[in-house]
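Q: Here's a sequence, model it:
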Amino acid sequence: MRPLRIGVIGSWTGPYAGGGRQFDAGMAVWLAAHNQHIAGRPVELLRRDVPGSAPEQARRHAQELVDTERVDLLAGLDFSSNAYAVGTVATQARIPLVVMNAASSGITARCPFAVRLSFTIGQVTLPLARWALQQGLRDVCTVVADYASGVDAESAFVSGITAGGGRVGAMLRVPLATLDYSAYMLRLRELKPQAVFFFLPSGQMPASFLKFWRDRGMADTGIRLLATGDATDDNYLENMGELAEGLVTSHHYSFAHESPANRRFTAAFEAEYGSHLRPAYFAVAAHDAMAAIDAAMSSPAMRGNAGVNAGVNAGGNAGLGVSGVTGGERLVDAFRGLRLDSPRGPLEVDAHTRDIVQNVYIRRVERRDGRWVNREFERFERVRDPGV
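A: Residues are numbered from 1 along each chain as shown. Predicted structure coming up:
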């Protein structure tokens, strides 16, 4: 039987290499539990390294995976800029693109073959704005990295605050890779809002921001600090330690999420990788992507589709079915309305937008059993992308 060939594009080198390792680990845990098969077929993962935001490089790799390697699906994508570029390739080739991280709101709208199993920035940010208002935090400032996801986070938080009658005193944007926040701390101290919301991509930037916040005595001003879960990514949280203690964040997955599905997932993860690598939101999305592909390919709509069973892209999209619909289109349609019991909680793929619908949790960084965790204490159910 021909293997199911999945081209996976992500960062395995450079400053964001942790994302690629998390992709690998999440996929490996699901495949190990299913005898390395998806829908009864052996799986072949073809990885292509695109360190960071490099859309032209991502596009070239995707084209080579389609034209030379004849992959059945494209997957991965940590940066939205790369996802948009790869989306054009997927659309031309008429094969599914399964997004495992890229979080810009417009991806599935622009690429009719894209299915998202991760999250959107607006989806996890708007609930935090609503929670802040519930706490009486109506005078806020924002600090975001100056790129697409940062702008999405700023837009979602600001729209949520202002819709609830709140005030935004300043919207500060910092260049990507900024590690010195002295000037921003001075500005925030002058403004002295009730709360500061920040969005910075996982890794060095949030840790540096929190260090400046501590060292400049910002906590003593009484200003509350809020962020999305990118700031306290479980992959980096142990190293951040006390810098993040007490920080309130919103996100769709925590290593400490209480559910039978997550206990199974984290136990399998630790059995394979030990305690040195903790599953984070990249890993759970990669795990769920494998589960979703399996469910879609095993669905009644796909049974008897000889083209897809032989390979979506075999022989140049030989999977033409009735009415000229390709195997790739049939498979994309099979994702619509799909529901899974994920380690993060219940999720579904919206039947119209092909985007993810899921719970968003408000969490606080705490030390539990000797480990730093994001403890969930409030939940917003079945949240869709607000499309901001």
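
Q: CA only for contacts and neighbour counts going forward, please
A: Noted.

Q: The residue lying closest to residue 371 once chain neighbours are set aside: neighbour count?
A: For residue 371, ignoring the flanking residues on the chain, the nearest one in space by C-alpha to C-alpha, 6 or more residues apart in numbering is residue 238 at 7.0 Å. By other C-alpha atoms under 10 Å, 17 other residues sit near residue 238.

Q: what packs against the strand or helix carrying residue 238?
A: Residue 238 belongs to helix 234-240 when assigned by DSSP states H and E. Other elements packing on helix 234-240 under the criterion 3 or more C-alpha pairs under 8 Å, 6 or more residues apart in numbering; DSSP states H and E are strand 371-383.

Q: before we move on, the earlier item: list the contacts of the helix holding residue 238.
A: Residues outside helix 234-240 that contact it (C-alpha atoms under 8 Å, 6 or more residues apart in numbering) are 18, 202-203, 207, 244, 254-255, 277-281, 371-374.

Q: Can you list the residue ranges for helices in the stretch 101-250 of the chain?
A: 107-110, 121-134, 148-163, 182-191, 204-215, 234-240 (DSSP state H, counting those that start in this stretch).

Q: how close does residue 330 sit to residue 6?
A: 17 Å (C-alpha to C-alpha, to the nearest Å).

Q: where in the stretch 151-300 of the chain is pLDDT low?
A: Nowhere does the stretch 151-300 of the chain drop to pLDDT under 70.

Q: mind listing what the most centrally placed residue in the chain touches?
A: For the chain, the residue nearest the mean C-alpha position is residue 101 (3.3 Å; C-alpha atoms, centre = their mean). Counting by C-alpha under 8 Å, 6+ apart, residue 101 touches 76, 77, 78, 79, 116, 117, 118, 119, 282, 285.

Q: and what of residue 49?
A: Residues in contact with residue 49, defined by C-alpha under 8 Å, 6+ apart, are 9, 10, 11, 12, 13.

Q: So what pairs up with it in the strands?
A: Note on residue 49: beta-bridge partners by DSSP bridges are residue 10.

Q: And it, how far from residue 118?
A: When residue 49 is compared with residue 118 (using C-alpha to C-alpha), they lie 19 Å apart.

Q: Distance from the chain centre to stretch 207-225, please.
A: 27 Å (C-alpha atoms, centre = their mean, to the nearest Å).

Q: In contact with residue 281, which residues?
A: Residue 281 is in contact with 118, 233, 234, 252, 253, 254, counting by C-alpha under 8 Å, 6+ apart.

Q: pretty sure the last one contacts residue 344?
A: Yes: contact status for residue 254 versus residue 344: in contact at 7.2 Å, counting by C-alpha atoms under 8 Å.

Q: Would you map the strands across the stretch 251-388 of the chain?
A: Assignment of strands within the stretch 251-388 of the chain using DSSP state E, counting those that start in this stretch yields the ranges 339-342, 345-349, 356-368, 371-383.
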